[in-house]
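J.: Have a look; sequence and predicted model below, questions after that.
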Amino acid sequence: MTAPAAPAHTDSAPVSGVSLGALWFGLLAAPLAWSAQLMVDYALIAHTCFPATAMRDSPLLPSAHGIVLGVSVLAIIVGIAGIAVAARAYARSGGHHESDRQQFHDAPIATGRARFMALMGILASSLFLGGIVLHTIGIAMLAPCG
């Protein structure tokens, strides 16, 4: 005689009101926006200021500085959206500041995972948004080929 099998525990039970896409967007939006900002800025400024072996005094493409600033503003918007989506996912997954420790301990795995991803999304998006803003300040203050 064997003991009855334990009930199967599923990790993929849906959390009401929180989609997996929203969790991943909140977690990855700002880091990917920061990466895109750096790649576009580097490629555009490097090509317009160093088209040959010597540095130019003025950019080869006069609107390069405006394009770079536009990409930076877009990256800031995406970073803010990432924070907002992650915060909304955290609130919808039942995250409350007063009783987080007890809730995380007693929550089903899928709910705890959703809250964890939402919290990490808030943290990652906030940190990378800070990097995007600092990079944008540098772009705005410095001449592109200076």
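T.: Thanks, I have it.

J.: tell me the SS of Pro62?
T.: Counting by DSSP: H, G, I helix; E, B strand; the rest coil, the backbone at Pro62 sits in coil.

J.: what about it, how many neighbours?
T.: Number of residues near Pro62 (other CB atoms under 10 Å) recorded here: 10. Backbone N, C-alpha and C define where each C-beta goes, glycine included.

J.: Name the SS class of Gly94, please.
T.: Of the three states, Gly94 takes coil according to three-state DSSP.

J.: Could I get the pLDDT score of it?
T.: Per-residue pLDDT puts Gly94 at 76.

J.: cool, and the one 4 residues further on?
T.: You'll see Glu98 listed with a pLDDT of 53.

J.: now swap in Ala87 and tell me
T.: Value for Ala87, per-residue pLDDT: 93.

J.: any idea which element the closest residue to it other than its chain neighbours lies in?
T.: Using CB to CB, 6 or more residues apart in numbering and skipping the chain neighbours, the partner closest in space to Ala87 is Ile122 (5.8 Å). Here Ile122, judged by DSSP states H and E, is contained in helix 109-141.

J.: Give me the helices and strands touching that helix, please.
T.: Other elements packing on helix 109-141 under the criterion 3 or more CB pairs under 8 Å, 6 or more residues apart in numbering; DSSP states H and E are helix 20-49, helix 64-92, helix 100-106.

J.: Redo those as JSON lines? Include mean neighbour count.
T.: Shown next, in JSON lines, are the helices and strands packed on helix 109-141 (neighbours: other CB atoms under 10 Å):
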{"stretch": "helix 20-49", "mean neighbour count": "18"}
{"stretch": "helix 64-92", "mean neighbour count": "19"}
{"stretch": "helix 100-106", "mean neighbour count": "11"}
